[in-house]
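Visitor: got a structure for you, letters missing:
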């Protein structure tokens, strides 16, 4: 596929550098952009540059924020003694959208994954241990992915947090709401049988 | 889904204004961008602005180009008396990648589609008629989509071009190469039976 313009090719290369966007999709998007006014494209381009310049990391939890401390950490109605540990900001959004959680978060910025060359030192762990040491925390909830990497990270953090005498919990594993039992995988089903709960009406 | 930063939200809105990119995908892409250096993001953003400023439309065929006349129209090895009519630049890329076509193109910039409010006056038709009038063309090939809109546009152009005594052809319709016969739709199959060709070894 030889694009007849160096400038379009350049834009396609930039757009297809994003994960999950191939050259063909990028070309479709770029041609759509080309139909817009110069002003609109300037606004489009500026939004990314402004974002990079303005967005900060919350000094307390590592969440993205427009200020030094994010809105969740700043909120006096949230239980500051309960910390939910997540991998990245999208997990925060997912948990927030449930409306069930009233504590604060701690964003690791990844999970331990030797295959991808990510070790404990690459993650936002020291500030978590500091908080635990200060005795500010009563409960820590592990909310990492239910994968081997997630379990490894859970195990690592558990070892580090054990000395501080906190309640350490993790999200329950089990059959997803709306799943027909015959389609649940055996690992999940086995675990949900092991962790069965008292029936409540 | 409440994004905890106005700037990120703005970037997500801009990215999700592209066709086929939803808010969730846009957020994933924007967070990936956020991990890059300020310089990289500036390059990313500039590529779109430069493209809009620099890319021209070929005055002869309507193709995008870095110059006033595109490389295909300028090429002396291409048959200037044979014009292939296509909807947009992606069709040119598709036809070029076959390596079979040695004529030039004429890009309409769309097809007649009353549902989307696109009529003949919105398309790049006058310059085509001009070329036909000048007697520069011997053959015109219709290579529009095999849809009702494509057929309507073919019919409209045929009526307009008929007086000029040119050869007017269109891409053959039939069973796609690699298709198992039982999976071909009946319309295509019927048409490929009607338009059957002499068998050549």
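Guide: The structure has been received and is ready for your questions. What you see is a predicted model, and the numbers here were worked out from it, not measured in a lab.
Visitor: Just want the most central residue of chain A.
Guide: Centroid-nearest residue in chain A: residue A:88, 2.1 Å away (criterion: C-alpha atoms, centre = their mean).
Visitor: and it, how far is that from chain B?
Guide: Counting by C-beta to the nearest C-beta, to the nearest Å, the gap from residue A:88 to chain B is 7 Å. In short, each C-beta sits where N, CA and C put it, glycine included.
Visitor: separation between that residue and residue A:154?
Guide: 16 Å (C-beta to C-beta, to the nearest Å).
Visitor: Poorly predicted segments of chain A, please.
Guide: A:1 (pLDDT under 70).
Visitor: thinking the residue nearest to the centre of chain A is in contact with residue B:32, fair?
Guide: No - if you go by C-beta atoms under 8 Å, residue A:88 and residue B:32 don't touch, sitting 10.6 Å apart.
Visitor: I'd like the distance between residue A:19 and residue A:163.
Guide: 39 Å.
Visitor: ugh, typo on my part, it should be residue A:76
Guide: Using C-beta to C-beta, residue A:76 is found at 30 Å from residue A:163.
Visitor: Looking at those two, which one has more neighbours?
Guide: Between residue A:76 and residue A:163, counted using other C-beta atoms under 10 Å in any protein chain shown, the more crowded position is residue A:163 (10 against 5).
Visitor: part of a helix, is the more buried one?
Guide: Yes - assessed with DSSP: H, G, I helix; E, B strand; the rest coil, residue A:163 lies in a helix.
Visitor: Give me the three-state assignment for residue A:43.
Guide: With three-state DSSP as the criterion, residue A:43 reads helix.
Visitor: got the contact list for it?
Guide: residue B:14 (C-beta atoms under 8 Å, 6 or more residues apart in numbering or on different chains).
Visitor: What separation is there between it and residue A:65?
Guide: Using C-beta to C-beta, residue A:43 is found at 23 Å from residue A:65.
Visitor: Next: residue A:14.
Guide: 27 Å.
Visitor: who's more crowded, the two?
Guide: Shown here are residue A:14 and residue A:65; by other C-beta under 10 Å, residue A:65 has more neighbours (24 against 19).
Visitor: wouldn't that one be in contact with residue A:54 here?
Guide: No - assessed by C-beta under 8 Å, residue A:65 is found out of contact with residue A:54, at 10.2 Å.
Visitor: how about residue A:57, phi and psi?
Guide: When quoted as degrees, to the nearest 10, the phi and psi of residue A:57 stand at phi -100, psi 130.
Visitor: tally of neighbours for the residue lying closest to it once chain neighbours are set aside?
Guide: Excluding the flanking residues, the one nearest residue A:57 by C-beta to C-beta, 6 or more residues apart in numbering or on different chains is residue A:64, at 6.5 Å. For residue A:64, the neighbour count with other C-beta under 10 Å is 22.
Visitor: hmm, who's touching stretch A:163-172?
Guide: A:132-133, A:135, A:137-143, A:154, A:158, A:161-162, A:195.
Visitor: how about the residue of chain A found nearest chain B, what does it touch?
Guide: Using C-beta to the nearest C-beta, the closest approach of chain A to chain B is made by residue A:45 at 3.6 Å. Counting by C-beta under 8 Å, 6+ apart, residue A:45 touches B:45-46, B:48-49.
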